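> Below: sequence and its predicted model.
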Amino acid sequence: MKIKEIRELTTEELAERIQTEVGKYNQMKLNHAVTPLENPSQIKAARRDIARMKTELHQRELNK
């Protein structure tokens with residue numbers, strides 16, 4: 001997910017999206033521990049997307 005797409009989301013949508021992405025990330029890590037994923041770089045990409053979303057959410061809170 002690109003930063004431009006993240007900035008277009010409302011604050012509520014962003015918070016919900018973070019929760020769903022964290023759930024997907026945790027599930028992906030668990031699945032990878034049991035049986036290796038075909039593309040383990042998906043875990044890294046998901047982690048970075050979550051960080052981007054959290055950063056944007058934090059910036060919005062500071063700018064209130």
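Done, it's in.

> per-residue confidence at the residue nearest to the spatial centre of the chain?
What sits nearest the mean C-alpha location of the chain, by CA atoms, centre = their mean, is residue 50, with 2.4 Å. Reported pLDDT at residue 50 in the predicted model: 97.

> where's it relative to residue 35, distance?
According to CB to CB, to the nearest Å, residue 50 and residue 35 sit 23 Å apart. In this view, the C-beta of every residue, glycine as well, is placed from N, C-alpha and C.

> before we move on, what about residue 17?
Distance of residue 17 to residue 35, given as CB to CB: 27 Å.

> Looking at the two, which one has more neighbours?
For residue 17 versus residue 35, neighbours defined as other CB atoms under 10 Å are more numerous around residue 17 (17 against 7).

> Could you say which helix or strand holds that one?
Residue 17 is part of helix 11-34, with elements assigned from DSSP states H and E.

> Tell me the gap between that helix and the middle of its chain.
6 Å (CA atoms, centre = their mean, to the nearest Å).

> Could I get the buried residue list for that helix?
Residues of helix 11-34 classed as buried by neighbour count (16 or more other CB atoms under 10 Å): 14, 17, 18, 21, 25, 28.

> Output those in a markdown table; the columns should cover pLDDT and distance to residue 62.
What follows is those, written out as a markdown table (pLDDT from 0 to 100; distance: CB to CB, whole Å):
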| residue | pLDDT | distance to residue 62 |
| --- | --- | --- |
| 14 | 97 | 14 |
| 17 | 97 | 19 |
| 18 | 97 | 17 |
| 21 | 97 | 22 |
| 25 | 98 | 25 |
| 28 | 96 | 30 |
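
> any idea how far residue 33 is from the nearest residue to residue 49 once chain neighbours are set aside?
Among residues not flanking residue 49 along the chain, residue 1 sits closest, at 4.9 Å (CB to CB, 6 or more residues apart in numbering). From residue 1 over to residue 33 the distance is 25 Å, taken as CB to CB.
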